[in-house]
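*Asks:* here are the coordinates; sequence isn't available:
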């Protein structure tokens with residue numbers, strides 16, 4: 001009998017008792033901005049997703065797309081698959097693009 005393919009997504013609790021919790025937009029902004037590499041944030045557009053538990057504890061942050069100077073593509077199916085596989089009850093979608101107005 002043949003077996004079905006298994007999708008494997010890695011999630012490992014780092015054992016930190018002081019887990020990050022989001023209680024406000026300010027908390028979310030700080031956690032998200034801390035996850036970006038400040039040396040390359042202005043080089044390309046990127047798209048990340050924050051996965052949360054029922055108590056708004058951050059389960060993890062995953063980068064789903066790193067684009068070019070003018071755009072980035074995201075496959076929503078991968079986001080939902082990851083949310084389901086990690087048993088997340090909420091997600092925060094984030095997209096960073098640096099606009100320079102002259």
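*Replies:* Received it, and whenever you're ready, just let me know what you need. Just so it is clear, the model here is predicted, and its values are computed rather than measured.
*Asks:* where along this structure do the strands fall?
*Replies:* 46-52, 58-66, 90-96 (DSSP state E).
*Asks:* could I get the buried residue list for the longest one?
*Replies:* I take that to be strand 58-66. Neighbour counts using 16 or more other Cβ atoms under 10 Å place 58-62, 64-65 of strand 58-66 among the buried residues. From N, CA and C alone the C-beta is placed, and that goes for glycine too.
*Asks:* in a markdown table, list the residues you listed along with distance to residue 71 and pLDDT.
*Replies:* A markdown table is the format used below for the buried residues of strand 58-66 (distance: Cβ to Cβ, whole Å; pLDDT from 0 to 100):
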| residue | distance to residue 71 | pLDDT |
| --- | --- | --- |
| 58 | 27 | 93 |
| 59 | 28 | 91 |
| 60 | 25 | 90 |
| 61 | 21 | 92 |
| 62 | 19 | 92 |
| 64 | 14 | 93 |
| 65 | 9 | 90 |
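*Asks:* turn these into TSV, columns for distance to residue 52.
*Replies:* As requested, those are arranged in TSV below (distance: Cβ to Cβ, whole Å):
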residue	distance to residue 52
58	6
59	6
60	9
61	10
62	12
64	16
65	20
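*Asks:* pLDDT score assigned to residue 81?
*Replies:* Looking at residue 81, its pLDDT is 90.
*Asks:* show the contacting residues for the most centrally placed residue in the chain.
*Replies:* Centroid check for the chain by Cα atoms, centre = their mean gives residue 49 as the closest residue, at 2.3 Å. Listed by Cβ atoms under 8 Å, 6 or more residues apart in numbering, the contact set of residue 49 reads 61-62, 64, 79, 82-83, 91-94.
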